[in-house]
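Engineer: I'd like to go over a predicted model; first the sequence, then the structure.
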Amino acid sequence: MTAANADHVHIEANGPWFPNLAEVMDEDPGLLDALANEDRAGRDRWSMARFTTEDLPLYVLDRQLSASETPLPFRSAAWLMLLVGYWGGIATQEAFASFGTARGADELGVTAPRTLSADDFERIHDWLARAHDALAGTIDDQIALLDELLRLETQIGVVFGAAYTVGFYVPTLQPPPVGAKPDHLAVDSEMVVCSADRILEVEYKADVPRWLTEWRARQEGAHTAMPDRWESVITGGTEQADLRDLWARGFEVAAYNWGADSLQGWTDAAFVPMLEMNLKLTFQVEAVAHAAVAALVTREPEAVRRALQASFLMIPSWLGTAVGIGDTSGTRPRGRPATA
């Protein structure tokens, strides 16, 4: 990271780039710098690490999900979210090396060191290519693809991914037998209140972004106004997954992945910032889930389009994180502007 002058931040976006990524997203360093400087202008002290792994995705989602804002260009936003995931993965890799690895990450092979190639990004390419096709098609194309992603039982699935991220707070905030938090970690057990049997119901002690509040209200309003259609979206068709089951399953996987002795090596000094960083991801995935459900209930074209784009922006973030965890030669931007 360098400072072009005393008042301007310039970020060297040292993220991965391969031809298959270039087919579905655009590098946009000018947009990245603009968002960094917007972020810096509102703070007395500015942190490159906080911006690139925590606050950048909030800016992207703010433009995408706020009714009063114009979304960023989708291809550029996808690149930004890839950087967010990749840099966050490197930060997670560093934390795992210092404090211990989550059980699930080890068992899935995510932590295995590797040299990156285009193959590591083929899933991102394929999903984003499908999103571009749907966005260029009809509203029915967009609804069908959004519904498919809503019901996918992996972390990139809208409801499962939200449940996994929210459910992460059960093993990390609660001691055994409910969770896996060891006695030496002192955290607020009510930082996040959630349950495997209460789909899309999450309570936070922290203030939440306006777009989360807005889409939560729109989803709840759709439920009230069109209860039968809302229920059909939740339960799905004969061959489709019930979203309540996916929500419960996401909690189960989070409890397993962060269970056992995953937290024994952590210290409060590292553990609390990790929880707070994850909280910002939780805001994102919960808001996207509300948006997707609301859009499928109301079928309003603008809501469907915004929800579809937001859902697909999370894919490079999720999959980029897994790549970053394994890329032991990768680095993330460091340093501060000259005047910080």
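Structural biologist: Sure, I can see it. Since this is a predicted model, take the numbers as computed values, not measurements.
Engineer: how many neighbours does P301 have?
Structural biologist: Around P301 there are 13 other residues, counting by other C-beta atoms under 10 Å. Where you see a C-beta, it was placed from the backbone N, CA and C, and this is true even at glycine.
Engineer: which parts of the stretch 101-250 of the chain are helices?
Structural biologist: 103-107, 122-135, 139-150, 158-167, 169-173, 210-225, 227-235, 243-257 (DSSP state H, counting those that start in this stretch).
Engineer: dump the third one to CSV, restricted to CA.
Structural biologist: Spelled out, it's helix 139-150. Extracted C-alpha coordinates of helix 139-150, given in CSV (Å, rounded to 0.1, in the frame of the first residue of the first chain):
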residue,chain,number,x,y,z
ILE,A,139,-37.4,-12.3,-14.8
ASP,A,140,-38.3,-16.0,-14.8
ASP,A,141,-34.7,-16.9,-15.5
GLN,A,142,-33.6,-14.8,-12.6
ILE,A,143,-36.2,-16.2,-10.2
ALA,A,144,-35.3,-19.8,-11.1
LEU,A,145,-31.6,-19.2,-10.5
LEU,A,146,-32.2,-17.3,-7.3
ASP,A,147,-34.4,-20.1,-6.0
GLU,A,148,-31.7,-22.7,-6.9
LEU,A,149,-29.0,-20.9,-5.0
LEU,A,150,-31.4,-20.3,-2.1
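Engineer: so what does it touch, helix or strand wise?
Structural biologist: With contacts defined as 3 or more C-beta pairs under 8 Å, 6 or more residues apart in numbering; DSSP states H and E, the packing partners of helix 139-150 are helix 122-135, helix 158-167, helix 268-298, helix 301-326.
Engineer: now the shortest one: mean pLDDT?
Structural biologist: Along helix 158-167, the predicted local confidence has a mean pLDDT of 98.
Engineer: before we move on, what about the third one?
Structural biologist: The average pLDDT within helix 268-298 is 95.
Engineer: identify each buried residue in it, please.
Structural biologist: 271-272, 275, 277-298 (16 or more other C-beta atoms under 10 Å).
Engineer: tell me what that helix is packed against?
Structural biologist: Contact here means 3+ C-beta pairs under 8 Å, 6+ apart; on that basis helix 268-298 packs against helix 56-65, helix 74-99, helix 139-150, helix 158-167, helix 169-173, helix 210-225, helix 227-235, helix 301-326.
Engineer: could you rerun that using 6 Å?
Structural biologist: Counting contacts by 3 or more C-beta pairs under 6 Å, 6 or more residues apart in numbering; DSSP states H and E, helix 268-298 is packed against helix 56-65, helix 139-150, helix 158-167, helix 210-225, helix 227-235, helix 301-326.
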